[in-house]
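Novice: Can you look at this prediction? I've put the sequence above it.
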Amino acid sequence: MGVYEDLGVRTIINGWGNATLTGGSIMRPEVLAAMEEASRSYVWMPELLEKAGGRVAELAGVEAAYVTAGAAAGIVVSVAACMAGTDHEKMLRLPDTAGMKDEVIVQAAQIGGYDNMIEVTGAKVVAVGDEHGTDPEQLDAAFSAQTAAVVHFFAYASAAGVPLEQVIETARRRGVPVIVDAAAEFPPYSVLRRFTEMGADLAIFSGGKGLRGPQCTGLVLGRKDLVEACAVQASPNHGVGRPTKVGKEEIVGVVKALELYAAESVQQDERTSWEERCSHMSAGISRVAGVRAYTEVAGPTYLPGRSGVTPEGVPVTQVRWDTSAIPRTPDEVAQELYDGSEGIKVGTTPDGLTISPHTLQSGEERIVAQRVAEALALTR
């Protein structure tokens with residue numbers, strides 16, 4: 001019996017992708033070893049946070065960095081930083097925003113729950129446009145003397161919305177910082193500096209998804225003054241971000257994860273393994289008559305009607321079938337896979353399945369290919 005079995009919890013094969021719902025990622029042994037070592041000593045936490053942030057910034061190629069307790073915590077402290085800065089009196093008053101700029105602009109189509117993290121600070125969300133998109137004129141008109149920041153949720157950006165480049169240009173003319181939530185956009189490694197190079201002031205990433213660090217970590221990357229203000233809002237200080245405490249073990253763990261990923265050989269090895277897993281699954285599943293499985297590079301993280309989380313640029317296996325011969329919906333097949341004796345979680349689209357290779361462990365692609373083929377062949 002293992003630790004999960006002891007609790008009565010079933011483990012699953014994860015072809016759905018890096019997500020909080022599926023436990024984030026599988027940490028490398030070196031990350032776990034670094035965390036275990038960190039657990040054996042006391043440190044002065046402000047010093048650890050400062051030095052760890054400096055190392056992350058160096059590795060990521062950005063001006064400054066701060067380690068948070070997840071990407072959602074990064075939104076909280078980033079918005080608080082844009083309102084209160086390093087002013088301790090203001091920091092202690094949040095979520096009371098009296099005397100501060102306290103409006104945060106978000107395109108309405110990007111609102112999907114994480115806007116709550118903005119409101120935790122006391123800020124008011126100014127939704128621009130509607131669920132179908134936003135016009136540049138609507139975005140421009142939303143700015144006021146009370147605008148503290150713009151938050152761009154990259155994963156939920158609509159094709160009918162204002163693109164990030166134009167958001168940055170519009171905000172820059174107004175002297176307003178832009179925060180990009182890019183929680184699930186890693187890899188590739190270069191994405192860590194992509195948004196700040198575009199001109200965003202802060203970019204937020206999860207440390208526990210594609211980076212394969214501890215699930216309860218995140219990274220805020222960008223402008224030095226705003227990163228310093230993020231630290232003021234968070235633990236061990238007593239700002240609105242105090243509950244989002246990240247431990248010494250997790251801080252060391254996410255730095256180690258980033259150090260490991262920085263090696264180009266590691267990045268290439270992972271990419272090769274993902275492509276090989278996709279090839280195996282595509283070949284095995286396509287043997288079923290009426291079924292077509294193929295590898296496709298993932299596009300934007302969010303697509304209407306799609307479940308699953310795969311960073312843009314990662315290869316995925318797409319599965320489609322002739323519904324006249326195989327009268328099963330994608331949701332029905334996905335549920336059968338999950339309900340099996342060895343649960344498999346895969347993503348769905350309106351017309352098929354999507355299987356992410358980067359969260360499969362070695363050899364699991366064979367199990368997935370066999371189970372998907374069986375689920376579709378048995379209906380004939």
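Specialist: Right, received. Where do you want to start?
Novice: can you pull out the strands in the protein?
Specialist: All strands of the chain, identified by DSSP state E, fall at 13-15, 64-68, 103-107, 124-128, 147-153, 178-181, 202-206, 218-222, 291-297, 315-321, 344-349, 352-355.
Novice: Can you tell me which of those is most buried?
Specialist: Here the criterion is mean neighbour count by mean count of other CB atoms under 10 Å, and of those the winner is strand 202-206, at a mean of 31. Every residue, glycine included, has its C-beta placed from N, CA and C.
Novice: in its sheet, what does that strand sit against?
Specialist: With DSSP bridges as the test, strand 202-206 is paired with strand 178-181 (parallel), strand 218-222 (antiparallel).
Novice: With Val151 as the reference, measure out to Arg193.
Specialist: 19 Å (CB to CB, to the nearest Å).
Novice: Identify whichever of the strands of the chain lies nearest to Tyr189.
Specialist: For the strands of the chain, proximity to Tyr189 was assessed by CB to CB; strand 202-206 is nearest, at 11.2 Å.
Novice: any idea how the chain splits into domains?
Specialist: With domains defined by automatic domain parsing, the chain comprises 3-19+264-377, 42-261.
Novice: distance of Phe143 from Ser158?
Specialist: The gap separating Phe143 from Ser158 is 20 Å, by CB to CB.
Novice: Point out where the stretch 151-300 of the chain drops to low pLDDT.
Specialist: The stretch 151-300 of the chain contains residues with pLDDT under 70 at 299-300.
Novice: can you map out the helices along the stretch 101-250 of the chain?
Specialist: 115-119, 136-142, 164-174, 191-198, 224-233, 248-261 (DSSP state H, counting those that start in this stretch).
Novice: where's the third one relative to the chain centroid, distance-wise?
Specialist: Relative to the chain's own centre, helix 164-174 is displaced by 23 Å; criterion: CA atoms, centre = their mean, to the nearest Å.
Novice: tell me which residues of that helix are tucked away?
Specialist: Counting neighbours by 16 or more other CB atoms under 10 Å, one finds that the buried residues in helix 164-174 are Leu164, Val167, Ile168, Thr170, Ala171.
Novice: before we move on, the earlier item: dump the strands paired with strand 202-206 into JSON lines; add distance to Asp115 as well.
Specialist: JSON lines is the format used below for those (distance: least, CB to CB, whole Å):
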{"stretch": "strand 178-181", "distance to Asp115": "10"}
{"stretch": "strand 218-222", "distance to Asp115": "17"}
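Novice: and Ser356, how many residues sit next to it?
Specialist: Applying other CB atoms under 10 Å, we find 27 residues neighbouring Ser356.
Novice: that older thread, of the strands paired with strand 202-206, which is nearest Gly23?
Specialist: Nearest of the strands paired with strand 202-206 to Gly23, taken as CB to CB: strand 218-222 at 15.6 Å.
Novice: What is the end-to-end distance of stretch 32-52?
Specialist: Taking CA to CA, to the nearest Å, stretch 32-52 runs 17 Å from one end to the other.
Novice: which stretches of the stretch 251-380 of the chain form helices?
Specialist: With DSSP H, counting those that start in this stretch as the criterion, the stretch 251-380 of the chain has helices spanning 264-285, 330-339, 364-377.
Novice: ok, and which of those has the densest surroundings?
Specialist: Per-stretch averages of neighbours, counted by mean count of other CB under 10 Å, single out helix 364-377 among these, with a mean of 20.
Novice: which strands and helices sit next to that helix?
Specialist: If contacts are counted by 3 or more CB pairs under 8 Å, 6 or more residues apart in numbering; DSSP states H and E, helix 364-377 sits against strand 13-15, helix 264-285, strand 291-297, strand 315-321, helix 330-339, strand 344-349, strand 352-355.
Novice: wait, isn't Leu48 in contact with Lys248?
Specialist: Yes. Applying CB atoms under 8 Å, one finds Leu48 in contact with Lys248, separated by 5.9 Å.
Novice: Rebuild the buried residues of helix 164-174 as CSV, extending it with distance to Thr348.
Specialist: Formatted as CSV, the buried residues of helix 164-174 follow (distance: CB to CB, whole Å):
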residue, distance to Thr348
Leu164, 27
Val167, 30
Ile168, 34
Thr170, 36
Ala171, 36
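Novice: Can you tell me which of these is closest to Ala80?
Specialist: If you rank those by distance to Ala80 using CB to CB, Ala171 comes first, at 18.1 Å.
Novice: Show the contacting residues for the closest one.
Specialist: Phe143, Val150, Pro177, Val178 (CB atoms under 8 Å, 6 or more residues apart in numbering).
Novice: if I look at Asn14, how far off is Tyr261?
Specialist: Distance of Asn14 to Tyr261, computed by CB to CB: 19 Å.
Novice: swap that for Gly53, please
Specialist: As judged by CB to CB, Gly53 and Tyr261 stand 17 Å apart.
Novice: Same check on Ile26?
Specialist: Taking CB to CB as the measure, Ile26 falls 14 Å from Tyr261.
Novice: Show me what Leu353 is bridged to.
Specialist: With DSSP bridges applied, Leu353 shows beta-bridge pairing to Val319, Thr348.
Novice: my read: it touches Val333, true?
Specialist: Yes. Applying CB under 8 Å, one finds Leu353 in contact with Val333, separated by 6.4 Å.
Novice: okay, and the common contacts of these two?
Specialist: Common contact partners of Leu353 and Val333 (CB under 8 Å, 6+ apart): Val372.
Novice: so what's Ile111 up against?
Specialist: Contact analysis of Ile111 by CB under 8 Å, 6+ apart lists Val125, Ala127, Phe153, Tyr156.
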